[in-house]
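In: How does the following fold in three dimensions:
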Amino acid sequence: MGSEGPPQAITVNITGFQKFHGVPENPTETVVKNIKEYVGKRGLPKGLTLGNCSILETAGEGALTTLYETLRSVLPGKDSPSSQSGRILWVHFGVNSGATKFAIEQQAVNEATFRCPDEMGWKPQKSPIVRADGGISHIRKTALPVDELTKALSAKGFDVMISDDAGRFVCNYVYYHSLYFAEQNGTKSLFVHVPLFATINKETQMQFAASLLDVLATLC
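Out: Numbering: from 1, shown residues only. Predicted coordinates:
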């Protein structure tokens, strides 16, 4: 009776990607670099803190050390604003140059099959991402409520869908590692694909990112 206490605070950490083959201007780099200033003007929901906002190189194996350093940087005990007691979420943004709407990715597959070399020249084919998970058909799913997130964002006027295929390129590679890390360390992870700015403009994408934070605070 009355022992539950107040809800735990939520810290959301965000990553985007640099340029890569065929995409000289990655919208996720712009969104992530500007998100703190953007939400600072409009305010954040009570109980939610925006933590680490990082830009990752669009590379797989060669950038793995940097990815894990980024993921570990917010764990309790680290010198980080996100290290306080509470729930830790990671939201990874990636671009799908052929997309016309936002996509909430509900899973990642243990397969790296890059259609072209990444920014470090790596081009794996049918390679398991985490060998300890076995074969390339193994799937990891986010623990976040994808259906509810999508419905809430749609209700706010955004053109958003649920996706069960994050591709096999660096986006899927990073998401799979992040989901693996989340299971090992008690965090949660989500990947969101966005279109190019030519399809959905910068201001709308900034609004979407800020609205996603609002919805996460409500549902998580």
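In: what residues are up against K46?
Out: A217 (C-beta atoms under 8 Å, 6 or more residues apart in numbering). For every residue, glycine as well, the C-beta is placed using N, CA and C.
In: One more pass at 7 Å, please.
Out: Under the criterion of C-beta atoms under 7 Å, 6 or more residues apart in numbering, K46 has no neighbours.
In: Just the pLDDT at it, thanks.
Out: If you check K46, the pLDDT there is 91.
In: Let me know the secondary structure of it.
Out: Using DSSP: H, G, I helix; E, B strand; the rest coil, the structure places K46 in coil.
In: Next one: it from L89, what distance?
Out: 16 Å (C-beta to C-beta, to the nearest Å).
In: Now the lengthiest helix in the chain: buried residues?
Out: Secondary structure of the chain read by DSSP state H shows that its longest helix is helix 202-219. Judged by neighbour count (16 or more other C-beta atoms under 10 Å), helix 202-219 contains these buried residues: 204-217.
In: repeat for stretch 88-98
Out: In stretch 88-98, counting by 16+ other C-beta under 10 Å, buried: 88-96.
In: and that stretch, how far from the chain's centre?
Out: Remark: stretch 88-98 is offset 4 Å from the chain centroid, using C-alpha atoms, centre = their mean, to the nearest Å.
In: Now do it, average pLDDT.
Out: Mean pLDDT, computed over stretch 88-98, is 96.
In: Begin at 585, not 1, for the rest of this chat.
Out: I'll keep to 585 as the first residue from here, and by that count the last item is stretch 672-682.
In: Residues contacting it, please?
Out: 594-601, 606-607, 610-612, 615-616, 655, 658, 666, 687, 755, 758-759, 762, 771-780, 796, 800, 804.
In: Only alpha carbons, please: show stretch 712-725 as CSV.
Out: Taking C-alpha atoms only, stretch 712-725 is exported to CSV below (Å, rounded to 0.1, in the frame of the first residue of the first chain):
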residue,chain,number,x,y,z
PRO,A,712,26.1,-12.8,-38.4
ILE,A,713,26.2,-9.6,-36.5
VAL,A,714,26.5,-11.2,-33.0
ARG,A,715,28.0,-14.6,-33.4
ALA,A,716,26.9,-15.7,-29.9
ASP,A,717,23.3,-15.4,-31.2
GLY,A,718,23.8,-18.1,-33.8
GLY,A,719,22.7,-17.8,-37.4
ILE,A,720,21.7,-14.9,-39.6
SER,A,721,18.0,-15.6,-39.2
HIS,A,722,17.9,-14.7,-35.5
ILE,A,723,15.8,-11.7,-34.6
ARG,A,724,15.8,-9.3,-31.7
LYS,A,725,12.8,-7.2,-31.0
